[in-house]
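Visitor: Make a model of this:
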Amino acid sequence: MEFRFFHHFGSYLLMLKGMFTRPENMRMFWKEFMRQCVDIGIGSLGIVLIISLFMGGVTTLQIAYQLVSPIIPRSTIAQIVRDTIILEFAPTLTCIVLAGVVGSKIASELGNMRVSEQIDAQEIMGINTKGYLILPKIMAAVIMIPCLISIAGFLGIWGGQKAGELGGILSSDQYWQGLRQDFRAYNIFFALFKSFVFAFIIASVPSYYGYHVQGGALEIGKASTSAVVVTCVLILFMDFVLAALLL
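Guide: Down below sits the predicted model:
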């Protein structure tokens, strides 16, 4: 078990090291990069919108259910919703969902190319397949996923406001009062820093599993499943580490 861990970890580092070379054809590299930006960013926008709205609404309803004391002002609900969504729900929950959406797609795409020997054919032609196939995916994820998380944060807070108004929990003025109450800009920095780390994990780990798959269609499915599981575990682990170090 320990030997397999160090084997995979070493192969993962070697894969990252092999990416950073000058592209043979900058035009093709840019085209692939933009395609990945569309797939990762625009392709995941719908699920992020749905998750964010319901995440904010459910958070508001559950916090209002637990804050039953008449001493606590209703604006406190908005304050808790704001900090909960910014610090945890928007970056972590969104990235766990994206690990399944984006991660499985990356792993299966690269795995299919490996099994069908497309990667071998490109290597024979002298193309650095790590730099051409993997680096655009990681760059696109590091750029687009923080944007998706920013959208998720705004929509989550807005969804919480609408849920509070429709449920008769608190008015719009009370909600905005709570949003401005004891606001710390550092929380935004922390959430964005987490999003960059999670984005790198979401793109690089499935790329490793897909790039090194061996066998046929069955092994591609196993690699996709393993990639999503390992990515989710690493996201939760790094969430704990970053919270312990930066908060």
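Visitor: To what extent is Thr231 buried, counted in neighbours?
Guide: Using other Cβ atoms under 10 Å, Thr231 has 28 other residues around it. In this view, the C-beta of every residue, glycine as well, is placed from N, C-alpha and C.
Visitor: Which parts of this structure are helices?
Guide: Ranges of helices within the chain are 2-19, 26-37, 45-66, 75-84, 94-98, 104-115, 118-124, 129, 135-166, 172-180, 186-211, 217-246, based on DSSP state H.
Visitor: got a markdown table for those helices, with mean pLDDT too?
Guide: Written out in a markdown table, the entries for those read as follows (pLDDT from 0 to 100):
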| stretch | mean pLDDT |
| --- | --- |
| helix 2-19 | 82 |
| helix 26-37 | 89 |
| helix 45-66 | 90 |
| helix 75-84 | 88 |
| helix 94-98 | 92 |
| helix 104-115 | 89 |
| helix 118-124 | 83 |
| helix 129 | 84 |
| helix 135-166 | 92 |
| helix 172-180 | 86 |
| helix 186-211 | 92 |
| helix 217-246 | 91 |
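Visitor: Apart from its neighbours in sequence, what residue is nearest the residue most central in space within the chain?
Guide: Per Cα atoms, centre = their mean, the C-alpha nearest to the average position across the chain is that of Cys95, at 2.9 Å. Nearest residue to Cys95, sequence neighbours excluded (Cβ to Cβ, 6 or more residues apart in numbering): Phe198, at 4.0 Å.
Visitor: Quick one: distance of stretch 90-102 to the chain centre.
Guide: 4 Å (Cα atoms, centre = their mean, to the nearest Å).
Visitor: Distance across it, terminal residue to terminal residue?
Guide: For stretch 90-102, the first-to-last residue distance is 17 Å (Cα to Cα, to the nearest Å).
Visitor: contact partners of it?
Guide: Contacts to stretch 90-102, defined as Cβ atoms under 8 Å, 6 or more residues apart in numbering, come from residues 40, 43-44, 47-48, 51-52, 55, 141, 145, 148-149, 152-153, 156, 191, 194-195, 198-199, 201-203, 206, 228, 231-232, 235-236, 239.
Visitor: got the contact list for His8?
Guide: By Cβ under 8 Å, 6+ apart, the residues touching His8 are Tyr208.
Visitor: and it, how far is that from Leu14?
Guide: 11 Å (Cβ to Cβ, to the nearest Å).
Visitor: Over to Pro206?
Guide: From Pro206 across to Leu14, the span is 17 Å (Cβ to Cβ).
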